[in-house]
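Enquirer: Next one to model:
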Amino acid sequence: MTNIPIFLPSDNNYAPFVATTMVSILENTKSFIDFYVLDSGITEENQEKICTLKEKYSHFSIEFLKIDVEKHFRGFDVPGYLNLSTYSRFLIPTLKPELGKVLYIDTDVVVLGDIADLYAIDLEGFALGAAWDKSRKLYNTDTKDLLEMSDDYKYFNVGVLLIDVQKWIKDEVVKHLFAIQKKYDGKILHADETLLNKYFDGKYKIFDIKYDYIDYDVINSAGIKPVIRHFATPMKPWNSNYCFAGRQVIPLAYFDDFWACAAKTAFYAQIKDMYKKGINKTPLTKRMSLIADQMKKVSCSDKGN
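Expert: A predicted model of the protein is given here:
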């Protein structure tokens, strides 16, 4: 059985969610996983906590790859809800140039099925595989004109990527991404996601959205059973019970699955504390809960009539 290399990004704040993501992967596959953590400042204590998963699972290895994001990405555009570490995925081919096909997965996800199925997808000569479908055709249209993208561009979310490392190296993808950042400086609205979409602009292997199932899909593709549930908005299981899907407020789908995995990590008490401090505390989560409560009252009123 082929080992599956998976890259996970994290700074110290996201260390608990690295462990949670790892649990969700390991619970659902028999494949041996080689985890590579793109480490933007995880303390030794938190690294040790992540590694305690060895006490529960034997079918993985883990290596922390230290990255100085200020050195590599100083001056890059970063929206307020992100930081420079989001660009760390660009460095995968330079950090591990000996690898072939690899997976990159954000750490605000819960994996619900066998990751081997995604890894087995044939890239058919493309350097990248990502999720897109027609229901997302209006997704991030703000990028199209600013970056002079093609009329039939297929914008993809970069939370789950299948990468051909050797083709990235051959095509000098990283060099081109840096050139795009320089050319469109000040117009990069969605950080690394914008740069990757500009470079690949529809020229990538499209895989099913069940492998990168975001809040938007909960409404638009409700019949799909996700393999990877990606909490891609500021609404996360550790700060909210609800999310926006289009103009609707709905329960945060697969909330319980996330918590079942979190409970198997050494960070469980810490994540619960985050939830207690975050739920209904920020303006956004307060608003979310208020809207949800109003919807419940209207629903109960309709039933009463």
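Enquirer: For the nearest residue to Val227 once chain neighbours are set aside, give me its contacts.
Expert: Nearest non-adjacent residue to Val227, counting by C-beta to C-beta, 6 or more residues apart in numbering: Gly113, 3.8 Å away. (Each C-beta comes from the backbone N, C-alpha and C, glycine too.) By C-beta atoms under 8 Å, 6 or more residues apart in numbering, Gly113 lies in contact with 28, 225-228.
Enquirer: Mind checking which of those are buried?
Expert: Neighbour-count burial (16 or more other C-beta atoms under 10 Å) is assigned, among the contacts of Gly113, to 28, 226-228.
Enquirer: which one of these sits closest to Leu118?
Expert: Leu118 lies nearest to Val227 out of these, by C-beta to C-beta, at 6.6 Å.
Enquirer: Looks like the closest one contacts Asp117 (just checking).
Expert: Yes - the criterion here is C-beta atoms under 8 Å, and Val227 meets it with Asp117 at 6.7 Å.
Enquirer: ok so, going back, tell me which two of the contacts of Gly113 sit farthest apart.
Expert: Asn28 and Lys225 (12.9 Å).
Enquirer: Now for those two: what residues contact both?
Expert: Contact criterion C-beta under 8 Å, 6+ apart; residues shared by Asn28 and Lys225: 112-113.
Enquirer: Could you provide the contacts of Gly113 in TSV, with additional columns for secondary structure?
Expert: Formatted as TSV, those follow (DSSP: H, G, I helix; E, B strand; the rest coil):
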residue	secondary structure
Asn28	coil
Lys225	coil
Pro226	coil
Val227	coil
Ile228	strand
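Enquirer: Would you mind giving the residues you listed as CSV with pLDDT and distance to Asp11 added?
Expert: Listed next are those as CSV, based on pLDDT from 0 to 100; distance: C-beta to C-beta, whole Å:
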residue, pLDDT, distance to Asp11
Asn28, 98, 26
Lys225, 94, 32
Pro226, 96, 26
Val227, 98, 26
Ile228, 98, 21
